[in-house]
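Asker: Give me a 3D structure for the following:
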Amino acid sequence: MMHDASSQSVVDFVYQAGPGRVVFGAGSLQYLEREVLALGAERALILCTPEQRSTAEAIASRLGARAAGLFDRATMHVPMEIAREARDRASSLKADCGIAVGGGSTIGLGKAIALESALPILAIPTTYAGSEMTPIYGLTEAGLKRTGTDIRVLPRTVIYDPELTLTLPVDLSVASGINAIAHAAEGLYARDSNPVMSLMAEEGIRALGQGLPSIVVCSEGLQARAQALYGAWLCGTVLGNVGMALHHKLCHTLGGSFNLPHAQTHTVVLPHALAYNAGAAPEAMRRMARALGADDGARDAANRVYELARTCGAPLALRELGMSAADLDRAADIASSNPYWNPRPIERDGLRELLQDAFDGVPPRTHEL
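Answerer: Sure, this is the predicted structure:
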């Protein structure tokens, strides 16, 4: 019998609150020095991607003598050689904390440093990826991405300042936001779901479902940016507390083995993964659809996510992201080997069909159990 984890009895769950401090609000970057000192730190290595260097330099200027240096080589999927280089830099500069400013790539690099050095990380997210709220890390080596969980990598403090997201382009805002929705969506049917996470998941989906279209209409609207960042915090918290399933396995496969862009890949795949699981997790689908403004449930969630992406101008097809049709069979093979737990059994033929739909960008189809 299939088990819809989202509808389990409210007296049958385990809830473990994670450590971490959150400072949220427009202008909250002003508290940066206070938060560094609260960590007991005095020399911060600031991490960023090459594209975020100007933001990182502004943060270094704000910290003054408390900035030990800047490392601007963060990149997607955290290549092992970059992680080692950053750890060596932190050690040579005698840094006693890391400040990761940016999206999932930079925060992932901060986690890689913390994993082996126990250096505390302060995260300043500028996207909606949600990685800052999780003890999950990922490293890519020899073309394969491996993930793990270790409480040492969880950022000690997170500063959410919506003003820092104003420069995030609309297309990246949308892709990053739907990536965040994916965390909450799978949290609703997670094997280890609990009522607290389900509440946060539904509220996070609602906030992003309302905030993202508003950003498309007016990219400089601070209220919409704050709403989306609030949703991303909730969705990231869900990601950090309950297990993920098929959707995340597929995206890790496509990102780590075929070097597809992380957030955009989540955006394309999510409606099709939801359609695959819809019949096995009807309560989760009902809550998801409700959060996105639908009156009716289980079969509508996948279509609502697809329409959200379409109306916001997001990519809908893997071929738009550089995926080759010749790689679809290999992707299905990788994703169906050692699969994550999923509410519906993982079937290689079903995954191949799902990937074809995602490659073509067609609306999600109904999958029969």
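
Asker: Please count neighbours and contacts with C-alpha atoms only from this point.
Answerer: OK.

Asker: three-state assignment of the spatially most central residue of the chain?
Answerer: What sits nearest the mean C-alpha location of the chain, by C-alpha atoms, centre = their mean, is residue 129, with 3.6 Å. Recorded secondary structure, residue 129: coil (DSSP: H, G, I helix; E, B strand; the rest coil).

Asker: measure it to residue 70 for me?
Answerer: 22 Å (C-alpha to C-alpha, to the nearest Å).

Asker: one step back: tell me the contacts of the residue nearest to the centre of the chain?
Answerer: By C-alpha atoms under 8 Å, 6 or more residues apart in numbering, the residues touching residue 129 are 103-104, 176-177, 179-180, 232, 236, 263.

Asker: Tell me the one of these nearest residue 44?
Answerer: residue 103 (18.3 Å; C-alpha to C-alpha).

Asker: could you pull out the helices for the stretch 51-200 of the chain?
Answerer: 53-63, 80-92, 104-117, 170-188, 195-217 (DSSP state H, counting those that start in this stretch).

Asker: Which of the ones you listed sits closest to residue 366?
Answerer: Once those are compared by C-alpha to C-alpha, helix 170-188 is nearest, at 17.4 Å.

Asker: and the closest one, what other elements does it pack with?
Answerer: helix 195-217, helix 222-241, helix 262-277, helix 282-291 (3 or more C-alpha pairs under 8 Å, 6 or more residues apart in numbering; DSSP states H and E).

Asker: Low-confidence stretches in this protein?
Answerer: 1-11, 295-299, 367-369 (pLDDT under 70).

Asker: hmm, 50 instead?
Answerer: Scanning the chain for pLDDT under 50 picks out 1-3, 5-8.

Asker: And for residue 215, nearest residue in space, chain neighbours not counted?
Answerer: When the adjacent residues along the chain are set aside, residue 215 lies closest to residue 224, with 5.9 Å between them (C-alpha to C-alpha, 6 or more residues apart in numbering).

Asker: Surely that neighbour is in contact with residue 216?
Answerer: No - applying C-alpha atoms under 8 Å as the test, residue 224 and residue 216 come out as separate, 9.5 Å apart.

Asker: ok, back up a step: pick the one among the contacts of residue 129 closest to residue 31.
Answerer: Distances from residue 31 to the contacts of residue 129, taken by C-alpha to C-alpha, are shortest for residue 103, at 19.9 Å.

Asker: Look up how far residue 195 lies from that closest one.
Answerer: 28 Å.

Asker: Just want to know which of those two has more residues nearby.
Answerer: Between residue 103 and residue 195, counted using other C-alpha atoms under 10 Å, residue 103 has the larger neighbour count: 25 against 19.

Asker: just to revisit the earlier point, between residue 224 and residue 216, tell me which one has more neighbours.
Answerer: Using other C-alpha under 10 Å as the criterion, residue 224 and residue 216 rank with residue 224 on top: 24 against 19.

Asker: can you tell me how far that one sits from residue 287?
Answerer: Following C-alpha to C-alpha, the distance that separates residue 224 from residue 287 is 22 Å.

Asker: cool, and residue 180?
Answerer: From residue 180 to residue 287 the distance is 16 Å (C-alpha to C-alpha).

Asker: Look at the two and report which has more neighbours.
Answerer: Neighbour totals were compared for residue 180 and residue 287, and residue 180 leads with 33 against 25 (other C-alpha under 10 Å).

Asker: Could you pull up the residues touching that one?
Answerer: Residues in contact with residue 180 (C-alpha under 8 Å, 6+ apart) are 128-130, 231-232, 235-236.

Asker: One more: residue 67?
Answerer: Taking C-alpha under 8 Å, 6+ apart, one finds 42-46, 60-61 in contact with residue 67.

Asker: now, which of those residues lie within helices?
Answerer: 60-61 (DSSP state H).

Asker: Nearest to residue 243 among the contacts of residue 67?
Answerer: Of those, the one sitting nearest to residue 243 (C-alpha to C-alpha) turns out to be residue 46, at 30.2 Å.

Asker: ok, now which ones touch the residue of the chain most remote from its centre?
Answerer: Among the C-alpha atoms of the chain, the one most distant from their mean position (C-alpha atoms, centre = their mean) is that of residue 65, at 32.6 Å. When contacts are counted by C-alpha under 8 Å, 6+ apart, residue 65 touches residue 43.

Asker: Then residue 114?
Answerer: With C-alpha under 8 Å, 6+ apart, residue 114 has these contacts: 120-121, 152-153.

Asker: Could you provide the contacts of residue 129 in TSV, with additional columns for distance to residue 191?
Answerer: Below are the contacts of residue 129 laid out as TSV (distance: C-alpha to C-alpha, whole Å):
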residue	distance to residue 191
103	28
104	25
176	25
177	24
179	20
180	19
232	22
236	17
263	24
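
Asker: With respect to residue 161, which of those residues is nearest?
Answerer: residue 232 (12.3 Å).

Asker: is it true that that closest one touches residue 204?
Answerer: Yes - Residue 232 is within contact range of residue 204, at 6.5 Å (criterion: C-alpha under 8 Å).

Asker: who's more crowded, the two?
Answerer: Comparing residue 232 with residue 204 by other C-alpha under 10 Å, the one with more neighbours is residue 232, at 32 against 29.
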